[in-house]
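Colleague: Just a sequence and a predicted model for now, questions to come.
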There are 2 protein chains.
Amino acid sequence: MKENGYAGTSMRHIAAAMNMEAASLYHHVSSKEEILRELCFGMAQAFNTAIEEVNDIYFNAEERLGMAVRAHIRQLTANLDASHVFLHEWRHLGIPAQSDFKKLRDNYEQSFRAILKSGEEEGVFSDADRKFAVLTILSALNWVVSWYKPEGEMSAEHIADRLTRFILNGLKKETT
Amino acid sequence: MKENGYAGTSMRHIAAAMNMEAASLYHHVSSKEEILRELCFGMAQAFNTAIEEVNDIYFNAEERLGMAVRAHIRQLTANLDASHVFLHEWRHLGIPAQSDFKKLRDNYEQSFRAILKSGEEEGVFSDADRKFAVLTILSALNWVVSWYKPEGEMSAEHIADRLTRFILNGLKKETT
DNA sequence: ATTGCACTAACAAACGTTAGTTAGAAACAT
DNA sequence: ATGTTTCTAACTAACGTTTGTTAGTGCAAT
(Lines give C-alpha, C1' and ligand atoms only; values in the text may rest on other atoms or scores of the structure.)
Protein backbone atom coordinates (compact mmCIF):
# COMPACT_ATOMS: atom_id res chain seq x y z
CA MET A 1 0.00 0.00 0.00
CA LYS A 2 2.95 2.29 0.61
CA GLU A 3 4.17 1.70 -2.93
CA ASN A 4 0.90 1.72 -4.86
CA GLY A 5 -1.37 3.86 -2.76
CA TYR A 6 -4.81 2.95 -1.49
CA ALA A 7 -6.56 2.91 -4.85
CA GLY A 8 -3.67 1.07 -6.44
CA THR A 9 -3.75 -1.73 -3.89
CA SER A 10 -6.42 -4.27 -4.69
CA MET A 11 -8.07 -6.68 -2.34
CA ARG A 12 -6.41 -9.39 -4.36
CA HIS A 13 -2.99 -7.87 -3.66
CA ILE A 14 -3.72 -7.68 0.02
CA ALA A 15 -5.04 -11.21 0.03
CA ALA A 16 -2.00 -12.52 -1.82
CA ALA A 17 0.25 -10.91 0.76
CA MET A 18 -1.55 -12.98 3.39
CA ASN A 19 -1.63 -16.16 1.32
CA MET A 20 -5.35 -15.95 0.84
CA GLU A 21 -7.97 -15.39 -1.79
CA ALA A 22 -9.57 -11.98 -2.02
CA ALA A 23 -12.98 -13.23 -0.98
CA SER A 24 -11.57 -14.70 2.21
CA LEU A 25 -10.68 -11.25 3.45
CA TYR A 26 -14.34 -10.48 3.89
CA HIS A 27 -14.43 -12.93 6.73
CA HIS A 28 -12.23 -10.58 8.72
CA VAL A 29 -13.21 -7.15 7.45
CA SER A 30 -16.39 -5.79 6.01
CA SER A 31 -14.88 -3.69 3.25
CA LYS A 32 -11.66 -2.37 1.82
CA GLU A 33 -12.17 0.92 3.55
CA GLU A 34 -12.40 -0.80 6.91
CA ILE A 35 -8.81 -1.93 6.52
CA LEU A 36 -7.81 1.66 5.93
CA ARG A 37 -9.89 2.84 8.86
CA GLU A 38 -8.35 0.30 11.20
CA LEU A 39 -4.86 1.27 10.13
CA CYS A 40 -5.35 5.02 10.30
CA PHE A 41 -7.19 5.11 13.58
CA GLY A 42 -4.93 2.56 15.20
CA MET A 43 -1.91 4.68 14.41
CA ALA A 44 -3.61 7.92 15.39
CA GLN A 45 -4.54 6.56 18.77
CA ALA A 46 -1.06 5.18 19.34
CA PHE A 47 0.42 8.62 18.67
CA ASN A 48 -2.04 10.28 20.98
CA THR A 49 -1.51 7.96 23.90
CA ALA A 50 2.24 8.24 23.46
CA ILE A 51 2.29 12.01 23.74
CA GLU A 52 -0.19 12.02 26.58
CA GLU A 53 2.13 9.79 28.54
CA VAL A 54 4.93 12.24 27.89
CA ASN A 55 2.82 15.16 29.03
CA ASP A 56 1.78 13.35 32.20
CA ILE A 57 5.30 12.84 33.43
CA TYR A 58 6.02 16.39 34.31
CA PHE A 59 9.44 17.57 33.29
CA ASN A 60 10.37 20.96 31.92
CA ALA A 61 9.32 21.90 28.41
CA GLU A 62 12.69 21.32 26.84
CA GLU A 63 12.87 17.77 28.11
CA ARG A 64 9.25 17.07 27.30
CA LEU A 65 9.77 18.22 23.72
CA GLY A 66 12.73 15.88 23.41
CA MET A 67 10.70 13.00 24.75
CA ALA A 68 7.81 13.76 22.44
CA VAL A 69 10.11 13.86 19.42
CA ARG A 70 11.73 10.61 20.43
CA ALA A 71 8.34 8.94 20.93
CA HIS A 72 7.14 10.23 17.59
CA ILE A 73 10.17 8.95 15.70
CA ARG A 74 10.02 5.64 17.50
CA GLN A 75 6.39 5.20 16.54
CA LEU A 76 7.04 6.21 12.94
CA THR A 77 9.98 3.94 12.39
CA ALA A 78 8.47 0.96 14.18
CA ASN A 79 6.27 0.29 11.17
CA LEU A 80 7.16 2.33 8.14
CA ASP A 81 4.39 0.97 5.94
CA ALA A 82 1.67 1.66 8.46
CA SER A 83 3.14 5.10 9.07
CA HIS A 84 2.99 5.93 5.41
CA VAL A 85 -0.64 4.96 5.26
CA PHE A 86 -1.33 6.98 8.38
CA LEU A 87 0.37 10.04 6.95
CA HIS A 88 -0.84 9.98 3.37
CA GLU A 89 -3.69 7.59 2.66
CA TRP A 90 -6.25 8.87 5.16
CA ARG A 91 -7.62 11.05 2.34
CA HIS A 92 -9.30 7.96 0.99
CA LEU A 93 -11.44 7.55 4.08
CA GLY A 94 -15.12 8.34 3.73
CA ILE A 95 -16.30 11.76 4.81
CA PRO A 96 -17.50 10.78 8.31
CA ALA A 97 -14.37 8.81 9.16
CA GLN A 98 -12.21 11.50 7.70
CA SER A 99 -13.48 14.18 10.03
CA ASP A 100 -13.07 11.90 13.05
CA PHE A 101 -9.55 11.24 11.94
CA LYS A 102 -8.79 14.92 11.63
CA LYS A 103 -10.02 15.43 15.16
CA LEU A 104 -7.46 12.96 16.41
CA ARG A 105 -4.76 14.70 14.42
CA ASP A 106 -5.79 18.07 15.85
CA ASN A 107 -5.66 16.58 19.31
CA TYR A 108 -2.13 15.45 18.76
CA GLU A 109 -1.02 18.79 17.42
CA GLN A 110 -2.71 20.43 20.37
CA SER A 111 -0.62 18.36 22.76
CA PHE A 112 2.50 19.44 20.95
CA ARG A 113 1.44 23.05 21.11
CA ALA A 114 0.95 22.69 24.84
CA ILE A 115 4.61 21.84 25.19
CA LEU A 116 5.67 24.90 23.26
CA LYS A 117 3.37 27.03 25.37
CA SER A 118 4.87 25.89 28.64
CA GLY A 119 8.27 26.44 27.08
CA GLU A 120 7.37 30.05 26.48
CA GLU A 121 6.04 30.41 29.99
CA GLU A 122 9.30 29.03 31.30
CA GLY A 123 11.00 31.65 29.20
CA VAL A 124 13.18 29.27 27.24
CA PHE A 125 11.32 29.27 23.92
CA SER A 126 10.74 32.36 21.85
CA ASP A 127 7.07 33.13 21.49
CA ALA A 128 6.56 32.59 17.79
CA ASP A 129 3.34 31.44 16.15
CA ARG A 130 2.86 28.11 17.90
CA LYS A 131 0.52 26.60 15.36
CA PHE A 132 2.99 27.31 12.61
CA ALA A 133 5.91 26.06 14.63
CA VAL A 134 4.24 22.76 15.44
CA LEU A 135 3.33 22.15 11.83
CA THR A 136 6.90 22.78 10.81
CA ILE A 137 8.28 20.51 13.49
CA LEU A 138 5.93 17.68 12.64
CA SER A 139 6.77 18.13 8.98
CA ALA A 140 10.43 17.59 9.65
CA LEU A 141 9.63 14.55 11.78
CA ASN A 142 7.15 12.95 9.44
CA TRP A 143 9.34 13.15 6.39
CA VAL A 144 11.71 10.73 8.06
CA VAL A 145 9.34 8.00 6.94
CA SER A 146 10.19 8.61 3.31
CA TRP A 147 13.92 8.16 3.59
CA TYR A 148 14.52 6.10 6.73
CA LYS A 149 16.00 2.67 6.11
CA PRO A 150 16.06 0.31 9.11
CA GLU A 151 19.24 -1.30 7.83
CA GLY A 152 20.88 2.09 7.29
CA GLU A 153 23.59 3.60 9.42
CA MET A 154 21.31 5.88 11.42
CA SER A 155 19.28 4.39 14.22
CA ALA A 156 15.86 5.78 15.04
CA GLU A 157 17.16 7.09 18.37
CA HIS A 158 20.07 8.76 16.67
CA ILE A 159 17.75 10.51 14.26
CA ALA A 160 15.51 11.60 17.09
CA ASP A 161 18.47 13.08 18.94
CA ARG A 162 19.64 15.07 15.95
CA LEU A 163 16.19 16.35 15.19
CA THR A 164 15.60 17.33 18.77
CA ARG A 165 18.78 19.36 18.81
CA PHE A 166 17.91 21.01 15.52
CA ILE A 167 14.43 21.90 16.67
CA LEU A 168 15.52 23.19 20.06
CA ASN A 169 18.03 25.44 18.34
CA GLY A 170 15.29 26.76 16.15
CA LEU A 171 12.97 27.44 19.04
CA LYS A 172 15.28 28.73 21.72
CA LYS A 173 15.24 32.31 22.72
CA GLU A 174 18.21 34.08 21.28
CA THR A 175 20.44 34.84 24.21
CA THR A 176 22.38 37.64 22.61
CA MET B 1 -5.10 13.68 -8.57
CA LYS B 2 -4.13 15.29 -5.29
CA GLU B 3 -7.27 13.97 -3.68
CA ASN B 4 -7.49 10.51 -5.17
CA GLY B 5 -3.91 9.64 -5.96
CA TYR B 6 -2.56 8.48 -9.27
CA ALA B 7 -4.28 5.10 -9.34
CA GLY B 8 -7.52 6.60 -8.10
CA THR B 9 -7.65 9.16 -10.88
CA SER B 10 -9.03 7.71 -14.08
CA MET B 11 -8.49 8.96 -17.57
CA ARG B 12 -12.21 9.71 -17.60
CA HIS B 13 -11.81 11.94 -14.53
CA ILE B 14 -8.97 13.80 -16.14
CA ALA B 15 -10.89 14.11 -19.37
CA ALA B 16 -13.98 15.41 -17.59
CA ALA B 17 -11.88 18.06 -15.89
CA MET B 18 -10.89 19.27 -19.36
CA ASN B 19 -14.38 18.95 -20.84
CA MET B 20 -13.41 16.05 -23.01
CA GLU B 21 -13.99 12.40 -23.47
CA ALA B 22 -11.37 9.99 -22.20
CA ALA B 23 -10.43 8.75 -25.62
CA SER B 24 -9.67 12.28 -26.79
CA LEU B 25 -6.83 12.55 -24.35
CA TYR B 26 -4.85 10.11 -26.42
CA HIS B 27 -4.54 12.74 -29.09
CA HIS B 28 -2.33 14.73 -26.74
CA VAL B 29 -0.58 12.09 -24.68
CA SER B 30 0.36 8.52 -25.38
CA SER B 31 -0.55 7.02 -22.02
CA LYS B 32 -1.66 7.83 -18.53
CA GLU B 33 1.86 7.51 -17.27
CA GLU B 34 3.05 10.14 -19.71
CA ILE B 35 0.86 12.68 -17.96
CA LEU B 36 2.52 11.76 -14.70
CA ARG B 37 5.96 11.91 -16.29
CA GLU B 38 5.32 15.32 -17.77
CA LEU B 39 4.11 16.66 -14.45
CA CYS B 40 6.89 15.19 -12.33
CA PHE B 41 9.74 16.06 -14.62
CA GLY B 42 8.37 19.50 -15.38
CA MET B 43 8.27 20.33 -11.70
CA ALA B 44 11.64 18.77 -10.99
CA GLN B 45 13.29 20.82 -13.69
CA ALA B 46 11.62 23.99 -12.51
CA PHE B 47 12.98 23.43 -9.00
CA ASN B 48 16.44 22.74 -10.32
CA THR B 49 16.66 25.77 -12.54
CA ALA B 50 15.33 27.93 -9.70
CA ILE B 51 18.04 26.90 -7.26
CA GLU B 52 20.73 27.11 -9.89
CA GLU B 53 19.80 30.69 -10.50
CA VAL B 54 20.10 31.35 -6.80
CA ASN B 55 23.50 29.72 -6.67
CA ASP B 56 24.73 31.70 -9.63
CA ILE B 57 24.06 35.06 -8.07
CA TYR B 58 26.82 34.97 -5.56
CA PHE B 59 25.82 36.17 -2.14
CA ASN B 60 26.88 34.77 1.19
CA ALA B 61 25.51 31.44 2.34
CA GLU B 62 22.98 32.87 4.74
CA GLU B 63 21.39 35.01 2.08
CA ARG B 64 21.55 32.27 -0.53
CA LEU B 65 19.77 29.88 1.80
CA GLY B 66 17.05 32.43 2.34
CA MET B 67 16.64 32.91 -1.38
CA ALA B 68 16.55 29.18 -2.00
CA VAL B 69 13.87 28.70 0.63
CA ARG B 70 11.83 31.54 -0.79
CA ALA B 71 12.14 30.14 -4.32
CA HIS B 72 11.17 26.70 -3.12
CA ILE B 73 8.07 27.92 -1.31
CA ARG B 74 7.09 30.11 -4.21
CA GLN B 75 7.33 27.17 -6.60
CA LEU B 76 5.39 24.90 -4.25
CA THR B 77 2.55 27.28 -3.61
CA ALA B 78 2.25 28.42 -7.23
CA ASN B 79 0.51 25.18 -8.10
CA LEU B 80 -0.44 23.10 -5.10
CA ASP B 81 -1.92 20.24 -7.07
CA ALA B 82 1.11 19.82 -9.28
CA SER B 83 3.34 20.07 -6.23
CA HIS B 84 1.50 17.29 -4.51
CA VAL B 85 1.94 15.06 -7.52
CA PHE B 86 5.59 15.99 -7.71
CA LEU B 87 6.14 15.18 -4.05
CA HIS B 88 4.10 12.04 -3.67
CA GLU B 89 2.94 10.43 -6.88
CA TRP B 90 6.29 9.91 -8.59
CA ARG B 91 6.33 6.42 -7.09
CA HIS B 92 3.90 5.40 -9.79
CA LEU B 93 6.39 6.13 -12.55
CA GLY B 94 7.87 3.15 -14.31
CA ILE B 95 11.27 1.93 -13.21
CA PRO B 96 13.33 3.75 -15.86
CA ALA B 97 11.57 7.09 -15.40
CA GLN B 98 11.69 6.69 -11.66
CA SER B 99 15.45 6.49 -11.52
CA ASP B 100 15.82 9.48 -13.81
CA PHE B 101 13.49 11.38 -11.55
CA LYS B 102 15.50 10.46 -8.49
CA LYS B 103 18.60 11.78 -10.19
CA LEU B 104 16.95 15.17 -10.56
CA ARG B 105 15.92 15.11 -6.93
CA ASP B 106 19.46 14.24 -5.89
CA ASN B 107 20.72 17.09 -7.97
CA TYR B 108 18.46 19.50 -6.20
CA GLU B 109 19.44 18.26 -2.78
CA GLN B 110 23.06 18.52 -3.84
CA SER B 111 22.59 22.20 -4.65
CA PHE B 112 21.10 22.76 -1.23
CA ARG B 113 23.96 20.94 0.41
CA ALA B 114 26.37 23.18 -1.46
CA ILE B 115 24.85 26.18 0.28
CA LEU B 116 25.28 24.59 3.68
CA LYS B 117 28.85 23.73 2.84
CA SER B 118 29.79 27.27 1.96
CA GLY B 119 28.01 28.35 5.12
CA GLU B 120 30.31 26.15 7.12
CA GLU B 121 33.32 27.46 5.27
CA GLU B 122 32.22 30.99 6.05
CA GLY B 123 32.05 29.87 9.66
CA VAL B 124 28.42 30.83 10.21
CA PHE B 125 26.80 27.37 10.12
CA SER B 126 27.68 24.59 12.50
CA ASP B 127 29.14 21.64 10.67
CA ALA B 128 26.47 19.03 11.26
CA ASP B 129 25.65 16.15 8.91
CA ARG B 130 24.76 18.08 5.77
CA LYS B 131 22.80 15.33 4.10
CA PHE B 132 20.63 14.94 7.14
CA ALA B 133 20.22 18.67 7.57
CA VAL B 134 19.08 19.19 3.99
CA LEU B 135 16.55 16.39 4.23
CA THR B 136 15.14 17.90 7.38
CA ILE B 137 14.96 21.37 5.86
CA LEU B 138 13.24 20.14 2.72
CA SER B 139 10.83 18.17 4.85
CA ALA B 140 9.75 21.25 6.68
CA LEU B 141 9.37 23.11 3.42
CA ASN B 142 7.53 20.43 1.50
CA TRP B 143 4.92 19.84 4.14
CA VAL B 144 3.64 23.31 3.53
CA VAL B 145 1.83 21.89 0.53
CA SER B 146 -0.45 19.86 2.74
CA TRP B 147 -1.79 22.72 4.82
CA TYR B 148 -1.27 25.88 2.79
CA LYS B 149 -4.44 27.61 1.69
CA PRO B 150 -4.05 30.39 -0.86
CA GLU B 151 -7.02 32.23 0.61
CA GLY B 152 -5.64 31.86 4.15
CA GLU B 153 -4.07 34.60 6.22
CA MET B 154 -0.48 33.61 5.53
CA SER B 155 1.06 34.60 2.23
CA ALA B 156 3.64 32.37 0.61
CA GLU B 157 6.31 35.01 1.18
CA HIS B 158 5.38 35.29 4.83
CA ILE B 159 5.68 31.56 5.27
CA ALA B 160 9.03 31.56 3.52
CA ASP B 161 10.30 34.28 5.85
CA ARG B 162 9.27 32.43 8.96
CA LEU B 163 10.73 29.18 7.78
CA THR B 164 13.97 30.82 6.80
CA ARG B 165 14.34 32.32 10.24
CA PHE B 166 13.52 29.00 11.90
CA ILE B 167 16.01 27.12 9.77
CA LEU B 168 18.79 29.68 10.18
CA ASN B 169 18.33 29.49 13.93
CA GLY B 170 18.64 25.75 13.76
CA LEU B 171 21.80 25.88 11.65
CA LYS B 172 23.68 28.78 13.13
CA LYS B 173 26.77 28.22 15.16
CA GLU B 174 25.99 28.67 18.80
CA THR B 175 27.72 31.86 19.76
CA THR B 176 27.92 31.17 23.47
C1' DA C 1 -7.64 17.85 -49.84
C1' DT C 2 -5.36 17.38 -45.81
C1' DT C 3 -4.72 17.86 -41.09
C1' DG C 4 -6.02 18.58 -36.16
C1' DC C 5 -9.02 17.58 -32.60
C1' DA C 6 -12.83 16.00 -30.89
C1' DC C 7 -16.29 12.20 -30.86
C1' DT C 8 -18.73 7.20 -30.17
C1' DA C 9 -18.17 2.37 -29.56
C1' DA C 10 -15.90 -1.21 -28.07
C1' DC C 11 -12.10 -4.12 -26.00
C1' DA C 12 -9.96 -7.18 -22.48
C1' DA C 13 -8.46 -6.86 -17.96
C1' DA C 14 -8.96 -5.78 -13.27
C1' DC C 15 -11.82 -3.88 -9.71
C1' DG C 16 -14.73 -4.52 -4.98
C1' DT C 17 -17.98 -7.43 -3.48
C1' DT C 18 -21.55 -11.34 -2.86
C1' DA C 19 -23.09 -16.12 -2.79
C1' DG C 20 -22.61 -20.63 -1.87
C1' DT C 21 -19.45 -24.47 -0.53
C1' DT C 22 -16.17 -27.18 2.14
C1' DA C 23 -12.81 -28.98 5.44
C1' DG C 24 -11.51 -28.95 10.07
C1' DA C 25 -11.93 -27.60 15.06
C1' DA C 26 -14.92 -26.76 19.25
C1' DA C 27 -18.82 -27.55 21.99
C1' DC C 28 -22.42 -30.23 23.23
C1' DA C 29 -25.59 -33.92 24.78
C1' DT C 30 -26.07 -38.69 25.16
C1' DA D 1 -15.98 -41.88 24.46
C1' DT D 2 -18.99 -41.10 20.59
C1' DG D 3 -22.00 -38.83 17.46
C1' DT D 4 -24.10 -34.41 16.32
C1' DT D 5 -24.28 -29.82 15.78
C1' DT D 6 -22.18 -25.21 15.47
C1' DC D 7 -18.50 -22.22 14.32
C1' DT D 8 -14.39 -20.74 11.88
C1' DA D 9 -11.84 -19.66 8.09
C1' DA D 10 -10.70 -20.67 4.01
C1' DC D 11 -12.25 -21.72 -0.89
C1' DT D 12 -14.34 -21.24 -6.12
C1' DA D 13 -17.35 -18.87 -9.13
C1' DA D 14 -19.57 -15.16 -10.49
C1' DC D 15 -21.77 -10.33 -10.48
C1' DG D 16 -21.78 -5.68 -12.38
C1' DT D 17 -18.50 -1.68 -12.81
C1' DT D 18 -14.69 0.62 -13.99
C1' DT D 19 -10.19 0.67 -15.81
C1' DG D 20 -6.60 2.09 -19.72
C1' DT D 21 -6.53 1.86 -24.34
C1' DT D 22 -7.59 1.21 -29.51
C1' DA D 23 -10.22 1.78 -33.79
C1' DG D 24 -12.92 4.18 -36.64
C1' DT D 25 -15.84 8.47 -37.63
C1' DG D 26 -17.05 13.39 -38.31
C1' DC D 27 -16.38 18.18 -38.40
C1' DA D 28 -13.84 22.51 -38.85
C1' DA D 29 -9.91 25.09 -40.14
C1' DT D 30 -5.91 25.44 -43.04
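Modeller: Ah, there it is.
Colleague: Name the residues of the longest helix that chain A contains that are buried.
Modeller: Taking DSSP state H as the criterion, chain A has its longest helix at helix A:95-121. Neighbour counts over helix A:95-121 (16 or more other C-beta atoms under 10 Å in any protein chain shown) mark A:97, A:101, A:104-105, A:107-109, A:111-112, A:114-116, A:118-120 as buried. All C-beta spots, glycine's among them, are computed from the backbone N, C-alpha and C.
Colleague: Give me the distance from the helix or strand hosting A:S83 to the chain's centre.
Modeller: Here A:S83 sits within helix A:80-88, counting by DSSP states H and E. The chain centroid and the centroid of helix A:80-88 are separated by 8 Å, computed with C-alpha atoms, centre = their mean, to the nearest Å.
Colleague: Is any residue of that helix near chain B?
Modeller: Yes. Counting by C-beta under 8 Å from any C-beta of the partner chain, chain B is contacted by helix A:80-88 at A:H88.
Colleague: about what we covered before: check the buried residues of helix A:95-121 and tell me the two furthest apart.
Modeller: Within those, A:A97 and A:E120 form the most distant pair, 35.1 Å apart (C-beta to C-beta).
Colleague: Can you give me every residue that contacts the closest residue to A:K117 other than its chain neighbours?
Modeller: Nearest-residue entry for A:K117: A:R130, 6.4 Å, with adjacent residues in sequence omitted and distances by C-beta to C-beta, 6 or more residues apart in numbering or on different chains. The contact partners of A:R130, taken as C-beta atoms under 8 Å, 6 or more residues apart in numbering or on different chains, are A:R113, A:L116, A:K117, A:E120.
Colleague: Let's have the residues you listed in a markdown table, adding distance to DNA strand D.
Modeller: Formatted as a markdown table, these follow (distance: C-beta to the nearest atom of the strand, whole Å):
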| residue | distance to DNA strand D |
| --- | --- |
| A:R113 | 40 |
| A:L116 | 43 |
| A:K117 | 46 |
| A:E120 | 49 |
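Colleague: Retrieve the pLDDT associated with A:S111.
Modeller: Residue-level confidence at A:S111 comes out at 96, pLDDT.
Colleague: Distance of the closest residue to it other than its chain neighbours relative to DNA strand C?
Modeller: Counting by C-beta to C-beta, 6+ apart, A:I51 is the residue found nearest to A:S111 once chain neighbours are left out, at 4.6 Å. Distance of A:I51 to DNA strand C, given as C-beta to the nearest atom of the strand, to the nearest Å: 33 Å.
Colleague: Secondary structure element holding A:I51?
Modeller: helix A:32-56.
Colleague: At the contact with DNA strand D, which residues of chain A appear?
Modeller: Chain A comes close to DNA strand D at residues A:A15, A:N19, A:M20, A:E21, A:A22, A:A23, A:S24, A:H27, A:H28, as judged by C-beta under 7 Å from any atom of the strand.
Colleague: Name only those of the residues you listed that count as buried.
Modeller: Buried members of the residues of chain A next to DNA strand D, counted by 16+ other C-beta under 10 Å: A:A15.
Colleague: And the residues of chain A next to DNA strand D, which is closest to B:A68?
Modeller: Distance to B:A68, by C-beta to C-beta, is smallest for A:A15 among those, at 46.5 Å.
Colleague: Excluding chain neighbours, what is closest to that closest one?
Modeller: Nearest residue to A:A15 in three dimensions, chain neighbours excluded: A:A22, at 4.4 Å (C-beta to C-beta, 6+ apart).
Colleague: pretty sure the one you found contacts A:H28?
Modeller: No. Taking contacts as C-beta atoms under 8 Å, A:A22 lies outside contact range of A:H28: 11.9 Å.
Colleague: pLDDT below threshold where in chain A?
Modeller: Flagging of chain A using pLDDT under 70 yields the residue ranges A:174-176.
Colleague: A:L163: neighbour count?
Modeller: 23 (other C-beta atoms under 10 Å in any protein chain shown).
Colleague: go on, the one 10 residues further on?
Modeller: Here the number of neighbours of A:K173 (other C-beta under 10 Å) works out to 12.
Colleague: which ones are touching it?
Modeller: A:G123, A:V124, A:F125, A:S126.
Colleague: Now which of these would you call buried?
Modeller: A:V124, A:F125, A:S126.
Colleague: and chain A, which of its residues are near DNA strand C?
Modeller: Neighbours of DNA strand C within chain A, by C-beta under 7 Å from any atom of the strand: A:T9, A:S10, A:M11, A:R12, A:H13, A:A22, A:A23, A:Y26, A:S30, A:S31, A:K32, A:E33.
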